[in-house]
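*Asks:* Give me a 3D structure for the following:
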Amino acid sequence: MVLVAIVFGMAWAAVPGVLQAWRGSHIVITTIMFNFIASALLIYLLVNVIKEPGNMTPESRAFGPAAQLPGLHEMFGWVGLDWPHTPLNFSVLLAVAAAGGVYLLLWRSQPGYALRTVGHAPDAAHYAGIRPQVQIVRAMALSGGLAALVGINEIAGVHNA
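*Replies:* Okay, the predicted model is just below:
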(Lines give C-alpha, C1' and ligand atoms only; values in the text may rest on other atoms or scores of the structure.)
Protein backbone atom coordinates (compact mmCIF):
# COMPACT_ATOMS: atom_id res chain seq x y z
CA MET A 1 0.00 0.00 0.00
CA VAL A 2 2.87 2.35 0.81
CA LEU A 3 4.58 1.74 -2.52
CA VAL A 4 1.36 2.17 -4.51
CA ALA A 5 0.68 5.44 -2.70
CA ILE A 6 4.18 6.72 -3.47
CA VAL A 7 3.91 5.78 -7.15
CA PHE A 8 0.45 7.35 -7.48
CA GLY A 9 1.60 10.49 -5.63
CA MET A 10 4.59 10.77 -7.93
CA ALA A 11 2.41 10.39 -11.03
CA TRP A 12 -0.17 12.87 -9.74
CA ALA A 13 2.45 15.53 -8.96
CA ALA A 14 4.40 14.95 -12.17
CA VAL A 15 1.53 16.26 -14.29
CA PRO A 16 1.73 19.85 -12.94
CA GLY A 17 5.51 19.51 -13.22
CA VAL A 18 5.21 18.67 -16.90
CA LEU A 19 2.79 21.55 -17.39
CA GLN A 20 5.25 23.95 -15.79
CA ALA A 21 8.34 22.58 -17.48
CA TRP A 22 7.09 22.41 -21.06
CA ARG A 23 4.08 24.73 -21.14
CA GLY A 24 5.16 27.43 -18.68
CA SER A 25 2.07 27.03 -16.47
CA HIS A 26 2.43 28.41 -12.97
CA ILE A 27 3.00 25.55 -10.56
CA VAL A 28 0.87 27.03 -7.77
CA ILE A 29 -2.14 27.56 -10.03
CA THR A 30 -1.97 24.10 -11.60
CA THR A 31 -1.58 22.32 -8.26
CA ILE A 32 -4.52 24.26 -6.81
CA MET A 33 -6.61 23.24 -9.81
CA PHE A 34 -5.46 19.65 -9.29
CA ASN A 35 -6.85 19.86 -5.73
CA PHE A 36 -10.33 20.35 -7.18
CA ILE A 37 -9.84 17.43 -9.56
CA ALA A 38 -8.67 15.26 -6.65
CA SER A 39 -11.67 16.34 -4.58
CA ALA A 40 -14.11 15.45 -7.36
CA LEU A 41 -12.37 12.10 -7.91
CA LEU A 42 -12.45 11.33 -4.21
CA ILE A 43 -16.16 12.15 -3.96
CA TYR A 44 -16.89 9.87 -6.92
CA LEU A 45 -14.86 7.04 -5.42
CA LEU A 46 -16.38 7.43 -1.97
CA VAL A 47 -19.95 7.52 -3.21
CA ASN A 48 -19.74 4.91 -5.97
CA VAL A 49 -16.80 2.58 -5.37
CA ILE A 50 -15.31 2.28 -1.88
CA LYS A 51 -18.33 3.09 0.28
CA GLU A 52 -19.23 0.34 2.72
CA PRO A 53 -22.33 -1.51 1.44
CA GLY A 54 -25.46 -0.67 3.38
CA ASN A 55 -23.97 2.47 4.90
CA MET A 56 -25.57 5.78 3.94
CA THR A 57 -22.61 7.95 4.94
CA PRO A 58 -19.96 8.55 2.28
CA GLU A 59 -17.01 6.98 4.02
CA SER A 60 -14.67 4.22 2.98
CA ARG A 61 -14.61 0.76 4.46
CA ALA A 62 -12.27 0.21 7.37
CA PHE A 63 -8.90 -1.29 6.53
CA GLY A 64 -8.20 -4.79 7.69
CA PRO A 65 -5.47 -5.41 10.26
CA ALA A 66 -2.95 -6.32 7.53
CA ALA A 67 -3.34 -2.87 5.93
CA GLN A 68 -2.71 -0.89 9.11
CA LEU A 69 0.65 0.54 10.06
CA PRO A 70 1.72 -0.90 13.41
CA GLY A 71 1.93 1.51 16.33
CA LEU A 72 5.24 2.04 18.08
CA HIS A 73 3.77 0.44 21.19
CA GLU A 74 3.23 -2.73 19.14
CA MET A 75 6.67 -2.60 17.54
CA PHE A 76 8.40 -2.11 20.89
CA GLY A 77 6.24 -4.91 22.30
CA TRP A 78 7.70 -7.28 19.69
CA VAL A 79 11.13 -6.83 21.31
CA GLY A 80 9.81 -6.88 24.87
CA LEU A 81 9.82 -3.15 25.64
CA ASP A 82 6.86 -1.41 27.25
CA TRP A 83 5.72 1.74 25.41
CA PRO A 84 2.53 3.74 26.08
CA HIS A 85 -0.30 3.55 23.55
CA THR A 86 -0.03 6.68 21.37
CA PRO A 87 -0.89 7.52 17.74
CA LEU A 88 2.84 7.34 16.94
CA ASN A 89 3.31 4.53 14.44
CA PHE A 90 5.64 2.98 11.89
CA SER A 91 5.35 6.06 9.67
CA VAL A 92 7.77 7.89 11.96
CA LEU A 93 10.43 5.42 10.80
CA LEU A 94 9.32 5.94 7.20
CA ALA A 95 9.69 9.70 7.72
CA VAL A 96 13.21 9.32 9.09
CA ALA A 97 14.13 7.04 6.18
CA ALA A 98 12.59 9.49 3.68
CA ALA A 99 14.47 12.43 5.22
CA GLY A 100 17.73 10.48 5.03
CA GLY A 101 17.00 9.45 1.46
CA VAL A 102 16.24 13.02 0.41
CA TYR A 103 19.45 14.21 2.06
CA LEU A 104 21.49 11.56 0.26
CA LEU A 105 19.76 12.32 -3.02
CA LEU A 106 20.23 16.08 -2.82
CA TRP A 107 23.71 16.28 -1.35
CA ARG A 108 25.44 13.02 -2.27
CA SER A 109 24.33 12.16 -5.80
CA GLN A 110 24.63 13.47 -9.33
CA PRO A 111 20.83 13.81 -9.80
CA GLY A 112 20.72 15.85 -6.59
CA TYR A 113 23.50 18.09 -7.84
CA ALA A 114 21.60 18.62 -11.08
CA LEU A 115 18.43 19.42 -9.16
CA ARG A 116 20.18 21.92 -6.91
CA THR A 117 21.90 23.52 -9.89
CA VAL A 118 18.62 24.06 -11.70
CA GLY A 119 17.14 25.49 -8.51
CA HIS A 120 19.93 28.03 -8.13
CA ALA A 121 20.55 28.99 -11.76
CA PRO A 122 18.42 27.38 -14.49
CA ASP A 123 20.24 29.15 -17.33
CA ALA A 124 23.66 28.13 -16.03
CA ALA A 125 22.41 24.56 -15.55
CA HIS A 126 21.14 24.49 -19.13
CA TYR A 127 24.50 25.79 -20.33
CA ALA A 128 26.21 23.00 -18.37
CA GLY A 129 24.12 20.37 -20.18
CA ILE A 130 21.45 19.83 -17.53
CA ARG A 131 17.88 19.87 -18.82
CA PRO A 132 15.85 22.09 -16.45
CA GLN A 133 12.52 20.67 -17.65
CA VAL A 134 13.47 17.16 -16.60
CA GLN A 135 14.64 18.40 -13.20
CA ILE A 136 11.36 20.25 -12.62
CA VAL A 137 9.37 17.08 -13.30
CA ARG A 138 11.72 15.03 -11.08
CA ALA A 139 11.35 17.51 -8.23
CA MET A 140 7.57 17.50 -8.49
CA ALA A 141 7.43 13.71 -8.69
CA LEU A 142 9.66 13.40 -5.62
CA SER A 143 7.50 15.85 -3.69
CA GLY A 144 4.36 13.94 -4.69
CA GLY A 145 5.83 10.69 -3.45
CA LEU A 146 6.77 12.29 -0.14
CA ALA A 147 3.30 13.80 0.20
CA ALA A 148 1.83 10.33 -0.32
CA LEU A 149 3.74 9.14 2.74
CA VAL A 150 1.92 11.78 4.79
CA GLY A 151 -1.39 10.47 3.46
CA ILE A 152 -0.45 6.89 4.34
CA ASN A 153 0.31 8.02 7.89
CA GLU A 154 -3.11 9.61 8.22
CA ILE A 155 -5.13 6.82 6.65
CA ALA A 156 -3.33 3.63 7.64
CA GLY A 157 -1.56 4.89 10.73
CA VAL A 158 -3.20 7.54 12.88
CA HIS A 159 -6.85 6.68 12.23
CA ASN A 160 -6.29 2.96 12.70
CA ALA A 161 -3.96 3.17 15.70
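
*Asks:* going forward, measure contacts between C-alpha atoms and count neighbours the same way
*Replies:* Fine.

*Asks:* Mind listing what's buried along the least confident helix or strand in the chain by mean pLDDT?
*Replies:* Counting by mean pLDDT, DSSP states H and E, the weakest-scoring helix or strand in the chain turns out to be helix 72-78, with a mean of 91. Neighbour counts using 16 or more other CA atoms under 10 Å place 72-74 of helix 72-78 among the buried residues.

*Asks:* Which residues does that helix contact?
*Replies:* Contacts to helix 72-78, defined as CA atoms under 8 Å, 6 or more residues apart in numbering, come from residues 82-86, 88-90.

*Asks:* same deal with stretch 56-67?
*Replies:* Outside stretch 56-67, the residues that touch it by CA under 8 Å, 6+ apart are 1, 46-47, 50-52, 156, 160.

*Asks:* Of those residues, which is the most crowded?
*Replies:* Using other CA atoms under 10 Å as the neighbour test, those are led by Ala156, with 24 neighbours.

*Asks:* what about that residue, is that helix, strand or coil?
*Replies:* Taking DSSP: H, G, I helix; E, B strand; the rest coil as the rule, one finds Ala156 in the helix state.

*Asks:* Just give the number of residues close to the closest residue to it other than its chain neighbours.
*Replies:* The shortest distance from Ala156 to any non-neighbouring residue, by CA to CA, 6 or more residues apart in numbering, is to Gln68 (4.8 Å). Gln68 has 21 neighbouring residues, counting by other CA under 10 Å.

*Asks:* does Gln68 really touch Gly157, like I thought?
*Replies:* Yes - using CA atoms under 8 Å, Gln68 and Gly157 qualify as a contacting pair, with a distance of 6.1 Å.

*Asks:* need the contact list for His85.
*Replies:* So His85 contacts 71-73 (CA under 8 Å, 6+ apart).

*Asks:* What is the nearest of those residues to Val96?
*Replies:* Leu72 (14.0 Å; CA to CA).

*Asks:* just for this protein, where's the confidence low?
*Replies:* Scanning the chain for pLDDT under 70 picks out 160-161.

*Asks:* run the last query once more with 90
*Replies:* 46-68, 72-73, 83, 85-88, 154-161 (pLDDT under 90).

*Asks:* ranges for the helices of it?
*Replies:* 2-23, 27-48, 72-78, 91-108, 110-120, 122-127, 132-152 (DSSP state H).
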